[in-house]
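> Have a look; sequence and predicted model below, questions after that.
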Amino acid sequence: MSSLKRLKNRALARLATQVPAIAQRFVAGYQAQESSGGIPWTVPAKPLDQAKLALVTTSGIHHRQQEPFDMNDANGDPSYRQLNGEKIFDDFQITHDYYDHTDAGKDPNIILPLDRVRELVRERIVGSLAQNHYSFMGHIDGPHITTLVEKTAQEVAQKLIVDQVDLVLLTPA
């Protein structure tokens, strides 16, 4: 994808944010992909006030020194970035052309609500917050869906298990 195409995508994302009729046209043209089976729901093993929580976002946020998500692939980038929850807000960037991240650039809690979850921990509503969190790019299509489902999402799930995370809050962009 050329830099001109990326610029066009960013401009359309910003315009859709500011003009609801344009946003509705994008939504109307969306074709959801069917999945098989039921919703993979598991009853939490611990009460919320004893659970360790991690965040997983599809906003494309990552540390500046990490490789940006590949915006040149029209099917998206099914990879992920591991985020250090203590440092991400000190050195973040957002690599995702399919939404306007002007406000998220000013307050990343909009897409990765770490400070809000910290408040819930202080209020003893949530037991604890994990150190590591994960970011994906939300625009995944075509052959990359299989990679996401069968490889990268599985890798992140294993990392969450190793970190003894009880609950995950998914924050879409």
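Received it, and whenever you're ready, just let me know what you need. It should be emphasised that the depicted structure is a prediction, and the values quoted were computed from it without experimental measurement.
> Next, the buried residues of stretch 147-160.
Residues 147-148, 152-153, 156, 159-160 are the ones in stretch 147-160 that count as buried (16 or more other C-beta atoms under 10 Å). All C-beta spots, glycine's among them, are computed from the backbone N, C-alpha and C.
> my bad, should have said stretch 164-173
For stretch 164-173, burial by neighbour count (16+ other C-beta under 10 Å) applies to 165-168, 171, 173.
> from the residues you listed, which ones fall inside strands?
Under the assignment DSSP state E, those contribute 167-168, 171 to strands.
> Run through the bridge partners of the residue nearest to Phe92 when sequence neighbours are not counted.
With C-beta to C-beta, 6 or more residues apart in numbering as the criterion, Phe92 has its nearest non-adjacent residue at 5.4 Å, and that residue is Ile61. Taking DSSP bridges as the rule, Ile61 bridges to Ile94.
> Could you list the low-confidence segments of the protein?
Low-confidence segments of the chain, defined by pLDDT under 70: 1-13, 15-17, 19, 22-23, 26-35.
> among the buried residues of stretch 147-160, which two are most distant?
Using C-beta to C-beta, the pair of those lying farthest apart is Thr147 and Leu160, separated by 18.7 Å.
> Which of the buried residues of stretch 164-173 sits closest to Thr102?
Closest approach to Thr102 among the buried residues of stretch 164-173 (C-beta to C-beta): Ala173, at 12.6 Å.
> Distance check, the nearest residue to the closest one once chain neighbours are set aside against Thr95.
In this structure, Ala173 finds its nearest non-sequential neighbour in Ser59, 3.7 Å apart by C-beta to C-beta, 6+ apart. Distance of Ser59 to Thr95, given as C-beta to C-beta, to the nearest Å: 10 Å.
> which one of the two has more residues nearby?
Comparing Ser59 with Thr95 by other C-beta atoms under 10 Å, the one with more neighbours is Ser59, at 22 against 19.
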